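Novice: Okay, structure incoming, though there's no sequence with it:
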């Protein structure tokens, strides 16, 4: 049973962020029905939390809950194994050979960018630390600091993940072009 | 150029793209772009990529069903206090629906009256059995404040008294009077069940502009409602009590006294012709 105060805070915070929450959850789990379950679970967690905490920055706060709910959900239900195993630090060293060598083919890349289906597929294929960073930045519009807060990740890591996510996207699109 | 430089450059490109450089950083970056066409070209590519991402993978609207599920998380369970709730076939029960005027009302009240702390004591208040009329009024004021803050002043939302009446009749032991006061400027918005002295009792909710009045109908022999018809103030709300041969009434409202007097007059006047006769 939630308190009136929690419900009041909940009403101010959660409904305005529902689209953001749903979009994030859907990108992370890549299934609309699961995304609804995740957001509902996150909302329930938020409602409970709000009887004891007040929130300064609602958006990163609630999206962090959505993200964690998604991770719990995936750990519990995912038939597909997560795309990477082991030391996350490997993923965060910026290693972008294509920046220098193999002069990109800008025309091919431009053409590829017109193809929404392929772009979405390329985004969906990003390993989840990159995916969540990209989604929080470009779909949810969080600042770097807010992403760092929501993902409990150092700012520098957020920056390198985002740079790398975009570089990986560009590379995929070029490769397939 | 070392790897480190390459990395730094790429991070700065992205930060520039995302508007995350401070003024000095931006200045420096603009200078670099001017001096180095490769950086400018890369910035162009990144910009196009981000535009494409935003165009083809925009933020999506949450499905309506999800919004409703979320809203329902907060709905208190009126059925729990209404023994026959499960058997009611006809009424449209709206667990909770956002109504901007109610939300803003609740917020304004919370801010101006500090009702929040008061509402936090609801659990405590409702444990106490009302001993006299003052306590009943206090209890109803608490109930009113709680419903307002919850944004849900009714368990059944309907402006049609023929919907509200059977809904309430199925849940309470008082067969209420429901008056159509829309012509007088007090449209019915719904009804709810209020527990008074452990008895489920019908409460009608009428609206007047941004304000709400809740009329609770009680058996006339109840010890509570010997009212004078005058208006008193409890915790910042106006409370009026009156009775007719069948029922006693307690109205709680955030309207001003004048509007509440008008409402009561209209209710008492309208009561006789417009209502179905209450069971004795």
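Specialist: Yes, it's here. Quick caveat: nothing in here was measured; it's all calculated off a predicted structure. Numbers count the residues shown, from 1 in each chain, chains lettered A, B, ... in the order given.

Novice: any idea how chain A splits into domains?
Specialist: A:4-77, A:88-176 (automatic domain parsing).

Novice: Report the central residue of chain A.
Specialist: When Cα atoms, centre = their mean is applied to chain A, the residue found nearest the centroid is residue A:132 (2.0 Å).

Novice: pLDDT wise, what is that one at?
Specialist: pLDDT, residue A:132: 96.

Novice: What is the host helix or strand of it packed up against?
Specialist: Using DSSP states H and E, residue A:132 sits in helix A:128-134. In terms of contacts (3 or more Cβ pairs under 8 Å, 6 or more residues apart in numbering or on different chains; DSSP states H and E), helix A:128-134 is packed against helix A:18-29, helix A:88-92, helix A:116-124, helix A:144-151, helix A:155-176. For the C-beta atoms, the positions are set from N, CA and C on the backbone; glycine is no exception.

Novice: if I pick residue B:247, what's in contact with it?
Specialist: B:174, B:176, B:177, B:217, B:218, B:219, B:220, B:278 (Cβ atoms under 8 Å, 6 or more residues apart in numbering or on different chains).

Novice: Relative to residue A:126, which of these is nearest.
Specialist: For the contacts of residue B:247, the residue nearest residue A:126 by Cβ to Cβ is residue B:176; the value is 60.6 Å.

Novice: ok so, going back, quickly compare the domains of chain A and say which is most buried.
Specialist: Burial of the domains of chain A is given as mean neighbour count (mean count of other Cβ atoms under 10 Å in any protein chain shown); domain A:4-77 ranks first at a mean of 19.

Novice: related to what we said a few turns ago, possible to save the helices and strands packed on helix A:128-134 as a markdown table with mean pLDDT and distance to residue B:72?
Specialist: Formatted as a markdown table, these follow (pLDDT from 0 to 100; distance: least, Cβ to Cβ, whole Å):
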| stretch | mean pLDDT | distance to residue B:72 |
| --- | --- | --- |
| helix A:18-29 | 96 | 13 |
| helix A:88-92 | 49 | 38 |
| helix A:116-124 | 91 | 31 |
| helix A:144-151 | 96 | 26 |
| helix A:155-176 | 91 | 35 |
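
Novice: Now render those helices as JSON lines, adding distance to residue A:47.
Specialist: Shown next, in JSON lines, are the helices and strands packed on helix A:128-134 (distance: least, Cβ to Cβ, whole Å):
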{"stretch": "helix A:18-29", "distance to residue A:47": "13"}
{"stretch": "helix A:88-92", "distance to residue A:47": "31"}
{"stretch": "helix A:116-124", "distance to residue A:47": "30"}
{"stretch": "helix A:144-151", "distance to residue A:47": "19"}
{"stretch": "helix A:155-176", "distance to residue A:47": "28"}
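
Novice: could you redo the ones you listed as a markdown table and give each row distance to chain B?
Specialist: As requested, the helices and strands packed on helix A:128-134 are exported to a markdown table (distance: least, Cβ to the nearest Cβ, whole Å):
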| stretch | distance to chain B |
| --- | --- |
| helix A:18-29 | 4 |
| helix A:88-92 | 11 |
| helix A:116-124 | 4 |
| helix A:144-151 | 5 |
| helix A:155-176 | 4 |
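
Novice: of all those, which lies closest to residue A:43?
Specialist: helix A:18-29 (7.8 Å).

Novice: could you pull out the strands for the stretch 101-250 of chain B?
Specialist: B:156-157, B:188-196, B:199-208, B:211-219, B:231-234, B:237-243, B:247-253 (DSSP state E, counting those that start in this stretch).

Novice: Can you add mean pLDDT and distance to residue A:124 and give these back as TSV?
Specialist: TSV is the format used below for the strands of the stretch 101-250 of chain B (pLDDT from 0 to 100; distance: least, Cβ to Cβ, whole Å):
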stretch	mean pLDDT	distance to residue A:124
strand B:156-157	74	41
strand B:188-196	83	45
strand B:199-208	86	48
strand B:211-219	87	48
strand B:231-234	84	58
strand B:237-243	86	54
strand B:247-253	88	54
